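Novice: Structure for the following, please:
(one chain, ligands or ions: 1)
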Amino acid sequence: MPELSPTWSLTSYFPAFDGPEYRKFLQQTTDDLNQAIADAQALAPLTANTILSWVAAFRTYEGIGARLGHLSSYLGCLGSADAANEAYQTADAELAGQWAQYSKLSTSLSAGFKAADDKTWTAFLQNEDLIDATFRVNRMRERAMFQMDLPAEALAADLGVDGIGAWGRLYDTVSGKMTFEMKWPDERTETTPMSQRRSLLTNRDRRVRETAFREGNKVWEAHEDIMGAALNAIAGTRHTLYGRRGQKHFLDAPFHDAAVSRHTVDAMFAAIDANIEVPRRLVKLNARLQGTTGIAWFDQDAPQLPDTLPELSWERAVEMCDQAFAGSYPKLRAYFQAMIEQRWVENERRPNKRAGAFATGSSIISEERIFMTFGGTMTDVTTLAHEVGHTWHSHLLNSLRPCAQNYPMTLAETASTFAESILADGLLANPDLTEDQRAFLLERSLAHAPAFLLDIPVRFKFESRFYEERQAGNVPVSRIKELMTATQREVFGDALLEDGVDPWFWASKLHFYITQLSFYNFPYTFGYLLSSALFQEFKREGESFLERYETFLGLTGRATCEEVVQQSLGRDIREEAFWAEAIQGLTPKIDAYAAAVEARLSS
Ligand SMILES: [Zn+2]
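Specialist: Reported below is the predicted structural model:
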């Protein structure tokens, strides 16, 4: 294998940051945006006679969104890879201003859609320039049903730049610079960036995990007032806006964004509650392996069995994904190879990098990128496969118009989890595996079940309860911690040790601070279970299933979750039974893992 780069190339976005091409693009986009706002405000109401102008306005809006997305993706890449660079932060903050302008444009178009009578609306939808865009424009109209009048929405968008958006940026800046004093078992003390804590929590040595957890939490505790203020301000802003917009419940907006009905999400969580012993059983097996009766919060990402693989090189990680994809999904493999060759993956371990991993891309250049920090573990290999799933999904949508490439989070995580399953399955199919290796891989391939079926339900329930209480005013930090730990105990039950809770999880988890959307996490569980159901079908049917799978992915920006699944796979996800089946489908694998655990404990 040729030498692989640990850093990515971003030059196809722009030859250089703040260079002439960048400035020209930014200026042109800004000018077009301002013009479009003026034009939209001057538009005569949407009637049979003005349909063409409204269609043109929508197309302009769509094109500007793609260009802003291009800039956001670029600046997101730069800022994550060099968190200390203030020029990137400044540019990103300026771009937030453009997005605020853009949301005004969106609001003004939506208001026009809302004002049109149903007969005009039907004629509008039939315009041939709106092919594949009807889902999007219909949703804009639905959304407009819950909006304030235009000046009020414009003011909210302007204030949001220095309000809710600033709280989110403050969180990113403060957490990006955090370090903690890591005390290694050999007494060595090392100042460690907080971004590396996640990797330390996957360490084999329980003392390392516990120290990283406790020392890291001292720093979160020291910052808890800042984080508590940010969390309260973000939720408070949303409550105010929901109230003024006539939205009855704080989950209405996230569910609308997720293109899913409350009925479906309720069915999913009801199925999890009813089958909660399935993931708890898995956690208890892991606890037995480490010689405890339950796990602590910091044990969640622990490798349970000896990794007979030495610390992995990046080259080996790439090879593992490559082989697994080649075995069952050749088209995905070809795409992955092209990604690596074109240096679309940033993976280097170095300071001043933002924590976590993400996939991004731009419909302007039809390219994707992956950001991650590779620490040499199997978990990191899984992260790579996960993010490749995302970029593959985007790649399949590249040929569609921009607004049809925009899929909800609920359907985004299906592709990522599906790619992870292919990785796990490919690795498990290797006939040369020893018993130990097989047990290890089984455990790794099940490692997401507790995360999606216990950890995320904790986050969802916690966030719901927090938002509930925030309606009455500021929630003190002590109460936030109480809500957090009580929810952890309720969901994990006896699988969690008495002193195993994490009172600062709400602070350390950046997902609670994403200002563009709330309730970030439930789509992961949704995607995981939907993906498990799809993968179970793929195993039954074989390669011919992949065509339906790609149909499924291709529809994700053009219909609700319920419709996408119905149209591509013929299943009804509003039924609890669909989800229960997906959870119970994990049982054979857990049985195999339980047998491996028993064998190990008795040897
Ligand atoms: Zn993901």
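
Novice: Next, the contact list for residue 158, please.
Specialist: Contact analysis of residue 158 by C-beta atoms under 8 Å, 6 or more residues apart in numbering lists residue 100. (Glycine included, C-beta is placed from N, CA and C.)

Novice: Now name the helix or strand holding it.
Specialist: helix 150-162 (DSSP states H and E).

Novice: I'd like the next helix or strand past that helix.
Specialist: helix 164-177.

Novice: and the angle from that following helix to helix 150-162?
Specialist: 20 degrees (axes from the mean of the first three to the mean of the last three C-alpha atoms, to 10 degrees).

Novice: Can you give the contact residues for helix 164-177?
Specialist: 83-84, 89, 92-93, 96, 194-195, 223, 226-227, 229-230, 233-234, 237-238, 352, 354-355, 510, 513-515.

Novice: CA-only coordinates of that helix in PDB, if you can.
Specialist: Backbone C-alpha positions of helix 164-177 (Å, rounded to 0.1, in the frame of the first residue of the first chain) are rendered in PDB as follows:
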ATOM      1  CA  ILE A 164     -28.100  31.400  20.900                       C
ATOM      2  CA  GLY A 165     -25.400  31.100  18.300                       C
ATOM      3  CA  ALA A 166     -22.800  32.800  20.500                       C
ATOM      4  CA  TRP A 167     -23.600  30.400  23.400                       C
ATOM      5  CA  GLY A 168     -22.800  27.500  21.100                       C
ATOM      6  CA  ARG A 169     -19.600  29.100  19.900                       C
ATOM      7  CA  LEU A 170     -18.500  29.900  23.500                       C
ATOM      8  CA  TYR A 171     -19.000  26.200  24.400                       C
ATOM      9  CA  ASP A 172     -16.900  25.200  21.400                       C
ATOM     10  CA  THR A 173     -14.100  27.600  22.200                       C
ATOM     11  CA  VAL A 174     -14.000  26.900  25.900                       C
ATOM     12  CA  SER A 175     -14.100  23.100  25.500                       C
ATOM     13  CA  GLY A 176     -11.700  23.200  22.600                       C
ATOM     14  CA  LYS A 177      -9.000  24.700  24.800                       C
END
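
Novice: Now do it: distance to the chain's middle.
Specialist: What separates the centre of helix 164-177 from the centre of its chain is 18 Å, taken as C-alpha atoms, centre = their mean, to the nearest Å.

Novice: How about stretch 588-603?
Specialist: The chain centroid and the centroid of stretch 588-603 are separated by 32 Å, computed with C-alpha atoms, centre = their mean.

Novice: Over to stretch 539-547 now: how far is its first residue from its last?
Specialist: 14 Å (C-alpha to C-alpha, to the nearest Å).

Novice: other SSEs contacting the helix or strand hosting residue 38?
Specialist: Element membership of residue 38 [criterion: DSSP H and E] is helix 20-42. Packing partners of helix 20-42 (3 or more C-beta pairs under 8 Å, 6 or more residues apart in numbering; DSSP states H and E): helix 51-81, helix 86-115.

Novice: Next, the angle from that helix to helix 51-81.
Specialist: Angle between the axes of helix 20-42 and helix 51-81 is 140 degrees (criterion: the same axes, to 10 degrees).

Novice: which residues touch helix 20-42?
Specialist: With C-beta under 8 Å, 6+ apart, helix 20-42 has contacts from 14-16, 57, 60-61, 64, 67-68, 70-71, 98, 101-102, 104-105, 108-109, 112.

Novice: and what of stretch 245-253?
Specialist: Taking C-beta under 8 Å, 6+ apart as the rule, stretch 245-253 contacts 146-148, 238-239, 242, 262, 464, 467, 471, 518-519.

Novice: Name the residues of it that are buried.
Specialist: Within stretch 245-253, the residues scored as buried using 16 or more other C-beta atoms under 10 Å are 245, 247, 250-251, 253.

Novice: For the helix or strand of the chain with the lowest mean pLDDT, list every residue counted as buried.
Specialist: Least confident element among the helices and strands of the chain, by mean pLDDT, DSSP states H and E: helix 435-446 (a mean of 80). Within helix 435-446, the residues scored as buried using 16+ other C-beta under 10 Å are 437-446.

Novice: Show me what that helix is packed against.
Specialist: helix 378-397, helix 409-428, helix 587-602.

Novice: name the helices or strands packed onto the second one?
Specialist: Contact partners of helix 409-428 among helices and strands, from 3+ C-beta pairs under 8 Å, 6+ apart: helix 314-328, helix 378-397, helix 435-446, helix 522-541, helix 545-555, helix 561-569.

Novice: Where do the domain boundaries of this structure fall?
Specialist: 20-162, 314-435+521-572 (automatic domain parsing).

Novice: Could you look over the ones you listed and pick the most buried one?
Specialist: Ranked by mean neighbour count under mean count of other C-beta atoms under 10 Å, these are led by domain 314-435+521-572, which reaches a mean of 20.

Novice: Apart from its neighbours in sequence, what residue is nearest residue 125?
Specialist: In space, and not counting its chain neighbours, residue 125 is closest to residue 134: 5.0 Å by C-beta to C-beta, 6 or more residues apart in numbering.

Novice: Hmm, residue 288 and residue 294 touching each other?
Specialist: No - with contact defined as C-beta atoms under 8 Å, residue 294 and residue 288 do not form a contacting pair (9.9 Å).

Novice: where are the low-confidence patches of the stretch 501-603 of the chain?
Specialist: Within the stretch 501-603 of the chain, no stretch has pLDDT under 70.

Novice: Identify the residues contacting residue 364.
Specialist: Shown in contact with residue 364 (C-beta under 8 Å, 6+ apart): 66-67, 69-70.

Novice: and which of the residues you listed is nearest residue 537?
Specialist: Closest approach between the contacts of residue 364 and residue 537, by C-beta to C-beta: residue 69, at 32.5 Å.

Novice: Okay, that closest one and residue 362: tell me how far apart.
Specialist: Distance, residue 69 to residue 362, using C-beta to C-beta, to the nearest Å: 6 Å.

Novice: And for residue 204?
Specialist: In terms of C-beta to C-beta, residue 204 sits 39 Å off from residue 362.

Novice: try residue 572
Specialist: Counting by C-beta to C-beta, the separation of residue 572 from residue 362 is 36 Å.

Novice: Ok, residue 247 next?
Specialist: Computed as C-beta to C-beta, the residue 247 to residue 362 distance reads 32 Å.

Novice: do the same with residue 123
Specialist: 34 Å.

Novice: Likewise for residue 185?
Specialist: In terms of C-beta to C-beta, residue 185 sits 45 Å off from residue 362.

Novice: Now do the same contact list for the closest residue to residue 344 other than its chain neighbours.
Specialist: Spatially, and ignoring its direct neighbours in sequence, residue 344 is nearest to residue 369 (5.2 Å; C-beta to C-beta, 6+ apart). Taking C-beta under 8 Å, 6+ apart, we find residue 369 in contact with 8, 10, 73, 77, 344-346, 359-361, 391.

Novice: go on, residue 182?
Specialist: Contact analysis of residue 182 by C-beta under 8 Å, 6+ apart lists 189-192, 200, 211-212, 215.

Novice: Doesn't it lie inside a helix?
Specialist: No - the assignment for residue 182 by DSSP: H, G, I helix; E, B strand; the rest coil gives strand, which leaves it out of any helix.

Novice: Okay, and the beta partners of it?
Specialist: Beta-bridge partners recorded for residue 182 (DSSP bridges): residue 190.

Novice: Can you read off the pLDDT for it?
Specialist: In this model, residue 182 is scored at 97, pLDDT.
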